[in-house]
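Colleague: sharing a sequence plus its predicted fold:
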Amino acid sequence: MFTLKKRLIHLHSCPHISRKILRSILLQDPELKTIYHSSIANLQSMYHLPLQKAERILSYIQQTSPDQCLSYLKSKEIQTITFLDSDYPLLLKKIYDPPLVLYALGDKTVLCSEQRLAVIGTRAPTPIGRKTVSTLIPPITKKGWTIVSGFAKGIDSLAHWEAVNASGTTIAVLGSGHSYVYPKENVSLFSQMSKSHLILSEYPPQTPPQKWHFPARNRIISGLSKAVLVIEAKEKSGSLITADQALEQGRDVFAVPGSIYSPQSQGTNYLIQQGAMLVRNEYDILQGLDA
C-alpha cells in the first residue's frame, strides 16, 4: 500500500505532469488514489488534458511505481521534502504557489534555522561587485545567517563560495534537476555543497535546465529567505524579478548602490529609488534583519 507522500513524489516526478496539473489533480483527488485507476478518457475530462498528454501520463503511471521512483532517488542520494512533511520550510510554505515537492542533495539540517538571507545579482559582476560579495558575506555568515542563492555564474556563485569558505552554511536553488550541473564551471562548487551544505530543486533529477525554470526558481529563493540582498543588477534582469517577488511575499529587500555610469548598478539604484534598503556595509544588513 503506497502512502500519500509516495504517490505525490511519484506523480511529481512524471515529466508530463506540470505544477498546474498536479495541483488540479490534488484538488479533485486529495488522496491521489483515483488517478491510479483512471482511463485516458477520465484524465482528459477531469483535468482538461489533450489526448497525447493524457496517454503519456497514463503510460507513466502504468509503467512505473512509487517505490521504483523512490529507489531511483535513493540511488542518487537525493532526499525529498514534500509540503506534507513537518520539516517543510515554514517561510516557503506561506508563499503563493509553494513547491509541492523539493528534491534535496546534501545536509537537510541546514533548513532547521530560519535565519536565511537570499543573495542575488548579475552574472557578470564588476571587480567592485566581486569585492562587495567578499566584504559583506563572511561577517553575515559568521552571525549565523545561511546564504540562499541560485547557483548561477557571477554574484550567486561568489556568494555560495564566500559562505563555504567562511565555514558558514549555504543553500543553492537550481533551475534544473540535480543530474545537470549548470553552469558547468560550478562542478567544484556543486561537489562542495553536496557534502555539508544543501542543493535544492523543485525539478526531478533528470530534468534539464530550461529558460522558464529560472523565473519559477526565483520564487523559491526569496520564499526560503527572511530578506533578499541584491548586489549589482542591470535595469532589466532576473534579479529585479526576484526582488519584486520578495516584496510580494512580504520580504525586505536590500540593495547595494553603485555608479550611475555602471550598467550593473542601474538595477540596484532603481530598487533603492523604489524603497529598497540602501546597504553601505554589513551592519546595515544585520541591523535590518534584526529589526
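Modeller: Arrived safely. Numbering: from 1, shown residues only.
Colleague: quick one: neighbours of Pro98, just the number.
Modeller: As a burial measure, Pro98 scores 17 neighbours (other CB atoms under 10 Å). (Glycine included, C-beta is placed from N, CA and C.)
Colleague: show the contacting residues for Ser113.
Modeller: With contacts defined as CB atoms under 8 Å, 6 or more residues apart in numbering, the neighbours of Ser113 are 144, 146.
Colleague: from Leu73, how far off is it?
Modeller: Computed as CB to CB, to the nearest Å, the Ser113 to Leu73 distance reads 25 Å.
Colleague: what are the ranges of the strands in the stretch 51-200 of the chain?
Modeller: Using DSSP state E, counting those that start in this stretch, the strands of the stretch 51-200 of the chain run over 79-82, 101-106, 116-121, 146-149, 170-173, 198-201.
Colleague: using a markdown table, please lay out these together with mean neighbour count, distance to Ile25 and mean pLDDT.
Modeller: As requested, those are arranged in a markdown table below (neighbours: other CB atoms under 10 Å; distance: least, CB to CB, whole Å; pLDDT from 0 to 100):
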| stretch | mean neighbour count | distance to Ile25 | mean pLDDT |
| --- | --- | --- | --- |
| strand 79-82 | 18 | 14 | 98 |
| strand 101-106 | 24 | 13 | 98 |
| strand 116-121 | 29 | 31 | 98 |
| strand 146-149 | 27 | 30 | 98 |
| strand 170-173 | 28 | 25 | 98 |
| strand 198-201 | 25 | 21 | 98 |
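Colleague: okay, those in CSV with distance to Gln210 next?
Modeller: Listed next are those as CSV, based on distance: least, CB to CB, whole Å:
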stretch, distance to Gln210
strand 79-82, 21
strand 101-106, 16
strand 116-121, 20
strand 146-149, 19
strand 170-173, 15
strand 198-201, 12
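Colleague: nearest to Ser222, of these?
Modeller: strand 116-121 (5.6 Å; CB to CB).
Colleague: centre of the chain versus the closest one, how much separation?
Modeller: Put simply, strand 116-121 sits 11 Å off its chain's centre (CA atoms, centre = their mean, to the nearest Å).
Colleague: what's it in contact with?
Modeller: 91, 129, 133, 137, 140, 145-150, 154-156, 159, 171, 221-222, 224-233, 238-239, 242-243, 246, 251, 285, 289.
Colleague: output the host helix or strand of Phe254 as CSV - backbone C-alpha positions only.
Modeller: Assessed by DSSP states H and E, Phe254 sits inside strand 252-255. Only the C-alpha atoms of strand 252-255 are listed here, as CSV (Å, rounded to 0.1, in the frame of the first residue of the first chain):
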residue,chain,number,x,y,z
ASP,A,252,12.6,43.0,3.0
VAL,A,253,14.9,43.9,0.0
PHE,A,254,18.4,45.3,0.5
ALA,A,255,20.4,46.8,-2.4
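Colleague: so what secondary structure elements neighbour that strand?
Modeller: In terms of contacts (3 or more CB pairs under 8 Å, 6 or more residues apart in numbering; DSSP states H and E), strand 252-255 is packed against strand 227-231, helix 238-248, helix 266-273, strand 277-278, helix 282-290.
Colleague: just checking: what are the partner strands of the fourth one?
Modeller: Under the criterion DSSP bridges, strand 277-278 sits next to strand 252-255 (parallel) in its sheet.
Colleague: I'd like the mean pLDDT over the strand it pairs with, please.
Modeller: Averaging pLDDT along strand 252-255 gives 98.
Colleague: before we move on, what about stretch 154-166?
Modeller: Mean predicted lDDT for stretch 154-166 stands at 98.
Colleague: may I see the buried residues of stretch 159-175?
Modeller: In terms of neighbour count (16 or more other CB atoms under 10 Å), stretch 159-175 has its buried residues at 159-164, 166, 168-175.
Colleague: the lengthiest helix in the chain packs against which elements?
Modeller: Across the chain, the longest stretch assigned as helix under DSSP state H is helix 127-142. Where contact means 3+ CB pairs under 8 Å, 6+ apart, helix 127-142 is packed against strand 116-121, strand 146-149, helix 155-165, strand 227-231, helix 282-290.
Colleague: gap between that helix and the chain center?
Modeller: Remark: helix 127-142 is offset 22 Å from the chain centroid, using CA atoms, centre = their mean.
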